[in-house]
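> output the structure for:
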Amino acid sequence: MTQGSELTPCVGGIAHDADGRLLLIRRGNEPGRGLWSLPGGRVEAGEDDAAALVREMSEETGLVVVPGRLVGRVVRGHYAIADYACAVVGGELRAGDDALDARWCDAVALRELPLVDELMETLTTWGALPRAQEDGTGRPACSPPRASP
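Okay, here's the model as predicted:
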């Protein structure tokens, strides 16, 4: 990094459902348009990481979360990303804001999705991978958002 260049602070959410599946979004904007990633985004002026995480998770997934422990930090390009464990406490899963899709995915599905650079390696290092399972059809279990009843 050159002197005078600054990294943009960002947060990401690592959420697992009761079945151990990991919450992912398909990015609608660059960097990584069309690739699958953890939900998250930039920390806005005046926000702390927890507030930014709650806002970003709601905007991108429709879910209400309670931020937990810092799982790890990565630098991707000009972005310094702090990824936090979080518990889903409400909301309805839907793709929103700059997400093209939002899904809960198991380990098998995760291996088949086009992911942003180094996501699989990072999740493996952090011990944050979803559990392996399938939906009984022999296909990976990766659930799309469900419509409200």
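
> what's the neighbour count on residue 118?
11 (other Cβ atoms under 10 Å). Using the backbone N, CA and C atoms, a C-beta is placed for each residue, glycine as well.

> likewise for residue 84?
Neighbour count for residue 84, taken as other Cβ under 10 Å: 23.

> could you check how far it is from residue 31?
Shown here: residue 84 relative to residue 31, a distance of 20 Å by Cβ to Cβ, to the nearest Å.

> ok, now residue 59?
For residue 59, the distance to residue 31 - Cβ to Cβ - is 18 Å.

> just checking, residue 118 touches residue 74?
Yes: contact criterion Cβ atoms under 8 Å: residue 118 and residue 74 qualify, at 7.4 Å.

> contacting residues around residue 9?
By Cβ atoms under 8 Å, 6 or more residues apart in numbering, the residues touching residue 9 are 42, 43, 49, 80, 82.

> and it, bridged to which residues?
Residues in a beta bridge with residue 9, per DSSP bridges, are residue 80.

> what separation is there between it and residue 66?
Applying Cβ to Cβ to residue 9 and residue 66 gives a distance of 21 Å.

> before we move on, what about residue 103?
Taking Cβ to Cβ, one finds residue 103 at 21 Å from residue 66.

> ditto for residue 72
19 Å.

> ok, residue 109 next?
Distance from residue 109 to residue 66, by Cβ to Cβ: 25 Å.

> more neighbours: which of those two?
Per other Cβ under 10 Å, whichever of residue 109 and residue 66 has more neighbours is residue 109, with 24 against 14.

> so the more buried one, which state does it fall into?
helix (DSSP: H, G, I helix; E, B strand; the rest coil).
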